[in-house]
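Asker: what's the 3D shape of this:
(one chain, ligands or ions: 2)
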Amino acid sequence: MKANIQQFFQLPAETKKRFAQEQGQLEGYGQLFVVSEDQKLDWADMLFLYTQPPEMRNAKFWPDQPATFRYSGAVKDLSDSLLATMAKNLGLKREAIADKCIHGMQKVRINYYPPCAQAEKVVGLSPHSDANLLTLVLQVNHVQGLQIKRNGSWLPVKPVSGAFVVNIGDMFEVLTNGRYRSIEHRAVVDPKEERLSIAAFQFPDIHTMIGPLKEMTGHEDDAYKTSDLESFMKIFFATKLEGKNFLEQMKLN
Ligand SMILES: O=C(O)CCC(=O)C(=O)O
Ligand SMILES: [Fe+2]
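Answerer: Ligands and ions are numbered 1, 2, ... in the order given. Sure, this is the predicted structure:
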């Protein structure tokens, strides 16, 4: 998988453009969060694919080069079982979260950060928290770039060979009424070497209402608004990617 995506980004631009994003859409080869012509872009290219449920796959965005490029459902099985265990540890029944992930959505973003001689002047991926439930990140090569925000400062997350980084997303924060907090993170760029990462974003199924679970709130007040998954994502993509400012909008006080 690592070799395949490295080969994909090495292809000539004309070849990669065959899988390009279309106007107003997020899927495909291109850049993240392009909202206007004069916007300053992050220093990265990406390939964004919808992987689950299988009927959401859009073949025209799936590279036919390298020929061995493919997807494995194992990455969904892993996030499903992590989510089921986390929910169980919170005392939740299967139907609260785990069952909603069986036909849940998964989207995969493959990030390519070219080196930049003036690396400190660009940002690879702007500070954000992921909107979904849980994200598995694979840092593909040895180049460090992922950072998390901890007590107001940025901490590097070193790539560990053979390991995933697991990030809590906004939906998990909302469902647990803040028991779990989504993590603010960003990616910086290396002055000499390219960096690649793969992020697999796990969502519940499309019919899930995203709001604090009754089993979590008990007698306390809901700390977040409740909305259907589609509206939740619409607001997310309409909000400028800047730290956790999307979740701020979803807070009740
Ligand atoms: O490149 C990374 O390590 C982070 C990727 C990421 O946070 C994302 O794609 O949402
Ligand atoms: Fe992220």
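Asker: The residue lying farthest from the centre of the chain and T176, how far apart?
Answerer: Relative to the C-alpha centroid of the chain, counting by CA atoms, centre = their mean, H219 is the outermost residue, at 32.2 Å. The gap separating H219 from T176 is 16 Å, by CB to CB, to the nearest Å. Every C-beta, even on glycine, is put in place using the N, C-alpha and C of the backbone.
Asker: Need phi/psi at A59.
Answerer: Backbone torsions for A59, taken as degrees, to the nearest 10, come to phi -50, psi -30.
Asker: Next up, the contacts around it.
Answerer: Shown in contact with A59 (CB atoms under 8 Å, 6 or more residues apart in numbering): no residues.
Asker: cool, the one 3 residues further on as well?
Answerer: With contacts taken as CB under 8 Å, 6+ apart, W62 has the following neighbours: F19, L49, F69.
Asker: again, only this time at 7 Å
Answerer: For W62, the contacting residues are L49, by CB atoms under 7 Å, 6 or more residues apart in numbering.
Asker: Report the separation between it and F19.
Answerer: Using CB to CB, one gets 7 Å for the distance from W62 to F19.
Asker: Now for V108, how many residues are close by?
Answerer: Counted with other CB atoms under 10 Å, residues neighbouring V108 total 18.
Asker: helix, strand or coil for it?
Answerer: strand (DSSP: H, G, I helix; E, B strand; the rest coil).
Asker: SS state for Q249?
Answerer: Using three-state DSSP, the three-state assignment for Q249 comes out as helix.
Asker: per-residue confidence at it?
Answerer: Reading off the confidence values, Q249 has pLDDT 89.
Asker: and Y224, bridged to which residues?
Answerer: With beta bridges defined as DSSP bridges, Y224 has these partners: K251.
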